[in-house]
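Engineer: sharing a model prediction with you, sequence too.
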Amino acid sequence: SPRSVNSLSMAMERTYIMIKPDGVQRGIVGNIISRFETKGYKLVAMKTRMATKELLEKHYADLTSKPFFPKLRDYMLSGPVVSMVWEGKEAVSTGRKMLGATNPLESAPGTIRGDFCIEVGRNICHGSDSVENANKEIALWFDESEVLDWESHSQSWLYE
Ligand code: GDP
Ligand code: MG
């Protein structure tokens, strides 16, 4: 393999990606995972669960006073979600680009929302919008012991 890299010298980030109940119901889980996997990001945590009102009020703390919040909460409670943490160089901002715009009709084709959905209230996935929020969201949805440190054999094929 090529000369191995010092991962500590790079700004590795972790981002919280969540497939919403419509993404699970519509069978898009595998496709979304596949996009992050084939991009080269490393899966360091994943589970499926039901969200709760308490989790959602913390997760969407900046939106609780919005008129659409009750609908957003009901939508997010309507079925299982898939919670994931993906790790890699600039994973937070790149994850947002891979998701596309909040409004799927404004998301470019080729993005997850651009390819698979139509309305903002059914936009199939969540991605952290900053490193600070990513860290908060990971701590909210996962126990520390569920987020794994492991060495990918692809590391030196992904990073120079
Ligand atoms: P995101 O970071 O791209 O997910 O967007 P925001 O943080 O602004 O909003 C969080 C989520 O709330 C979005 O993904 C949508 O599912 C939902 N949402 C945001 N704005 C609206 C709205 O105007 N109407 C409805 N029904 N849902 C919204
Ligand atoms: Mg957001």
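Structural biologist: Perfect, thanks for sending it. Ligands and ions are numbered 1, 2, ... in the order given.
Engineer: show me what contacts the most centrally placed residue in the chain?
Structural biologist: Residue closest to the mean C-alpha point of the chain, counted by Cα atoms, centre = their mean, is Ile17 at 1.1 Å. Going by Cβ atoms under 8 Å, 6 or more residues apart in numbering, Ile17 touches Ile32, Phe36, Met84, Val85, Trp86, Gly95, Leu99, Cys125, His126, Gly127, Ser128. C-beta here means a position set from N, CA and C on the backbone, and glycine is covered the same way.
Engineer: filter the residues you listed down to the ones close to ligand 1.
Structural biologist: His126 (Cβ under 6 Å from any ligand atom).
Engineer: now neighbour count and pLDDT too, for the contacts of Ile17, in CSV please.
Structural biologist: Formatted as CSV, the contacts of Ile17 follow (neighbours: other Cβ atoms under 10 Å; pLDDT from 0 to 100):
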residue, neighbour count, pLDDT
Ile32, 22, 99
Phe36, 23, 99
Met84, 26, 99
Val85, 25, 98
Trp86, 28, 98
Gly95, 27, 98
Leu99, 23, 98
Cys125, 24, 98
His126, 20, 99
Gly127, 26, 99
Ser128, 25, 98
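Engineer: please tabulate the contacts of Ile17 in JSON lines, including the columns distance to Glu151 and secondary structure.
Structural biologist: Below are the contacts of Ile17 laid out as JSON lines (distance: Cβ to Cβ, whole Å; DSSP: H, G, I helix; E, B strand; the rest coil):
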{"residue": "Ile32", "distance to Glu151": "24", "secondary structure": "helix"}
{"residue": "Phe36", "distance to Glu151": "18", "secondary structure": "helix"}
{"residue": "Met84", "distance to Glu151": "19", "secondary structure": "strand"}
{"residue": "Val85", "distance to Glu151": "16", "secondary structure": "strand"}
{"residue": "Trp86", "distance to Glu151": "16", "secondary structure": "strand"}
{"residue": "Gly95", "distance to Glu151": "21", "secondary structure": "helix"}
{"residue": "Leu99", "distance to Glu151": "27", "secondary structure": "helix"}
{"residue": "Cys125", "distance to Glu151": "27", "secondary structure": "strand"}
{"residue": "His126", "distance to Glu151": "28", "secondary structure": "strand"}
{"residue": "Gly127", "distance to Glu151": "25", "secondary structure": "strand"}
{"residue": "Ser128", "distance to Glu151": "24", "secondary structure": "coil"}
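Engineer: many thanks, have a good one.
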